[in-house]
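>>> After the sequence you'll find the predicted model.
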Amino acid sequence: MIVSSQQLSELYCQACEVDVQAFKPGNVSVYADGHDMTVADFRLSAKVSSDALCNPDYSLGEKIYYAVKATREAVGCNTNLGIILLCAPLIQAIRYTKADVTLRQAVAKVIRESTIEDTDWVFKAITLASPGGLGSSDQQDVSEQASVTLLEAMKLAGAKDRIALQYITGYNDIFNFSVLRYNIAFNRWGDRNWAATAVYADLLSQFPDSHIERKYGDQYTEMVAAKMAKLSEELSKTDNPKQIKPLLFCLDQELKLYGINPGTTADMIVATVLTAILEELN
């Protein structure tokens, strides 16, 4: 599929804007800042990272590194490492999609053909972003030079990181779960932002958030899953999701009181929306 860099950049920024417009309890949105970050930080991060991500001359690893670098220089903190890691293969894959090659197949190809050089660029990006709770690793530590492909590196991290798991499984959670849920909610309500909120609740009710567990272990896993399952239930019963706002505000305040930020799940929302938008093009 031939899509211009400018168009890709606009679609990526559109997906990032849906993420901040969606009411995601515990995370930053237009309804509430949090965790020392603002909506303005995320909007600026999307804008400055889009050029590198959509540069057709960059390899997968270069896309990720230079997008992180631009973000770091613009906002001085890690707002979007997970977003960039998830969106880069989707954007890279567009060049391979055609009538008989789906976006999912193209993403798998991009990841399968990743190189050791890609891994080096990604390690540099992760080190630069300095995400909370990163720690160190006995194998392929990001502070050292890589010796495996990006797919192989992600396999080492997949057991404890949901973003790495997407690389390993060909974005299984995105294509088999969240995009399907997103499309159902969007068709029901006709609103991308509320569809994203529904997917956020669905994901957290089913899967532990890597960002939370890096910081707290499984201390809050059951609590978050139970509260998000309740939210999913309430959303599934309403024809007007705006009626759920009081519950959303209450849940947002409670999670932030405990310092709980489902950041990985929020990153998955951007990738879900971008995937849905890109699939509409094909």
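Now that the structure is in, tell me what you want to look at. This is a predicted model, so every value here is computed, not measured. Numbers count the residues shown, from 1 in each chain.
>>> What are the neighbouring residues in contact with residue 207?
By CB atoms under 8 Å, 6 or more residues apart in numbering, residue 207 lies in contact with 162, 173, 265. (Each C-beta comes from the backbone N, C-alpha and C, glycine too.)
>>> Check the gap between it and residue 81 for me.
For residue 207, the distance to residue 81 equals 19 Å [CB to CB, to the nearest Å].
>>> and if you look at residue 89?
Distance of residue 89 to residue 81, given as CB to CB: 14 Å.
>>> Repeat that for residue 228.
Taking CB to CB, one finds residue 228 at 23 Å from residue 81.
>>> next one: residue 16
13 Å.
>>> what ranges do the helices span in the stretch 151-282 of the chain?
For the stretch 151-282 of the chain, applying DSSP state H, counting those that start in this stretch gives helices covering 162-169, 172-173, 179-189, 192-206, 210-216, 221-237, 245-257, 263-281.
>>> need those in TSV with mean neighbour count, distance to residue 54 and mean pLDDT, can you?
As requested, the helices of the stretch 151-282 of the chain are exported to TSV (neighbours: other CB atoms under 10 Å; distance: least, CB to CB, whole Å; pLDDT from 0 to 100):
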stretch	mean neighbour count	distance to residue 54	mean pLDDT
helix 162-169	21	20	96
helix 172-173	16	24	97
helix 179-189	18	21	97
helix 192-206	24	20	98
helix 210-216	20	26	93
helix 221-237	16	33	96
helix 245-257	15	32	95
helix 263-281	24	12	96
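>>> I'd like a version of these in TSV, one that adds distance to residue 35 as further columns.
Shown next, in TSV, are those (distance: least, CB to CB, whole Å):
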stretch	distance to residue 35
helix 162-169	18
helix 172-173	23
helix 179-189	24
helix 192-206	16
helix 210-216	10
helix 221-237	15
helix 245-257	8
helix 263-281	8
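>>> looking at those, which is closest to residue 76?
Among the helices of the stretch 151-282 of the chain, helix 263-281 comes nearest to residue 76, with 17.2 Å by CB to CB.
>>> The closest one packs against which elements?
Where contact means 3 or more CB pairs under 8 Å, 6 or more residues apart in numbering; DSSP states H and E, helix 263-281 is packed against helix 5-21, helix 81-93, helix 103-112, helix 162-169, helix 179-189, helix 192-206, helix 210-216.
>>> at 6 Å what do you get?
helix 5-21, helix 81-93, helix 179-189, helix 192-206, helix 210-216 (3 or more CB pairs under 6 Å, 6 or more residues apart in numbering; DSSP states H and E).
>>> got the buried residues for the next helix or strand after the longest one?
Beyond helix 5-21 in the direction of the C-terminus, DSSP states H and E gives the next helix or strand as helix 39-53. The neighbour-count criterion (16 or more other CB atoms under 10 Å) identifies 39, 41-50, 52-53 as the buried residues of helix 39-53.
>>> Please save the CA atoms from helix 39-53 in PDB.
Provided in PDB are the C-alpha atoms of helix 39-53 (Å, rounded to 0.1, in the frame of the first residue of the first chain):
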ATOM      1  CA  VAL A  39      -1.900  16.200  28.100                       C
ATOM      2  CA  ALA A  40       0.200  18.900  26.500                       C
ATOM      3  CA  ASP A  41       3.300  16.600  27.100                       C
ATOM      4  CA  PHE A  42       1.600  13.800  25.200                       C
ATOM      5  CA  ARG A  43       0.400  16.000  22.400                       C
ATOM      6  CA  LEU A  44       3.900  17.500  21.900                       C
ATOM      7  CA  SER A  45       5.400  14.000  22.100                       C
ATOM      8  CA  ALA A  46       3.200  12.700  19.400                       C
ATOM      9  CA  LYS A  47       4.000  15.600  17.100                       C
ATOM     10  CA  VAL A  48       7.800  15.500  17.500                       C
ATOM     11  CA  SER A  49       8.000  11.700  17.300                       C
ATOM     12  CA  SER A  50       5.900  11.400  14.200                       C
ATOM     13  CA  ASP A  51       8.600  12.600  11.700                       C
ATOM     14  CA  ALA A  52      11.100   9.900  12.700                       C
ATOM     15  CA  LEU A  53       8.500   7.200  12.900                       C
END
